[in-house]
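Undergrad: okay, predicted coordinates and the sequence, questions at the end:
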Amino acid sequence: QVQLVESGGGLVQAGGSLRLSCAASGRTIATYTMGWFRQAPGKERELVAAISSGRNTYYADSVKGRFTISRDNVKNTMYLQMNSLKPEDTAVYYCAASDSGILTTTPSRYRYWGQGTQVTVSS
């Protein structure tokens, strides 16, 4: 079992930055693909970024060039650096872990999920 806890969300003005963290416990995440998802009110959960065990990365088109995903396997933690935030980035952000070390964008492939952290971007 892997337990995931997100932190770092909050309220920020448009153009600002936030850094989300996802601390894992129970098992090392070194062999897992990790992902950040988000869900805005009335919308489906979407994959924002993912990083494989080999550090290959995926970004949704809407965040390319603004968000950076990274991982520190020694600290068993994943991060999402979010710059140039826009009001449309407002959502609850979830971290997730997939048993597959290969990069995957399919939500059903992610077995473990955190509780989420709210990100609100004001205009």
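TA: Received, thanks. Numbers count the residues shown, from 1 in each chain.

Undergrad: could you give the mean pLDDT of the helix or strand Q118 falls within?
TA: Using DSSP states H and E, Q118 sits in strand 117-122. Taken as a whole, strand 117-122 has an average pLDDT of 98.

Undergrad: go on, stretch 38-45?
TA: 95.

Undergrad: mind listing what's buried along it?
TA: 38, 45 (16 or more other Cβ atoms under 10 Å). Just so you know, the C-beta spots here come from the backbone N, C-alpha and C atoms, and that holds for glycine as well.

Undergrad: contacts for that stretch?
TA: 37, 46, 48, 88-94, 107, 116, 119 (Cβ atoms under 8 Å, 6 or more residues apart in numbering).

Undergrad: can you rerun that using 6 Å?
TA: 37, 48, 91-93 (Cβ atoms under 6 Å, 6 or more residues apart in numbering).

Undergrad: parallel or antiparallel, which strands does the strand holding Q118 pair with?
TA: Using DSSP bridges, strand 117-122 pairs in its sheet with strand 10-13 (parallel), strand 91-98 (antiparallel).

Undergrad: which residues of this structure score low on pLDDT?
TA: Within the chain, no range satisfies pLDDT under 70.

Undergrad: and the spatially most central residue of it, how close does it get to V5?
TA: By Cα atoms, centre = their mean, the mean C-alpha position of the chain lies nearest to W36, the distance being 2.1 Å. Distance of W36 to V5, computed by Cβ to Cβ, to the nearest Å: 14 Å.

Undergrad: same deal with V121?
TA: The value you get for V121 to V5, if Cβ to Cβ is used, is 22 Å.

Undergrad: done for today, thanks.
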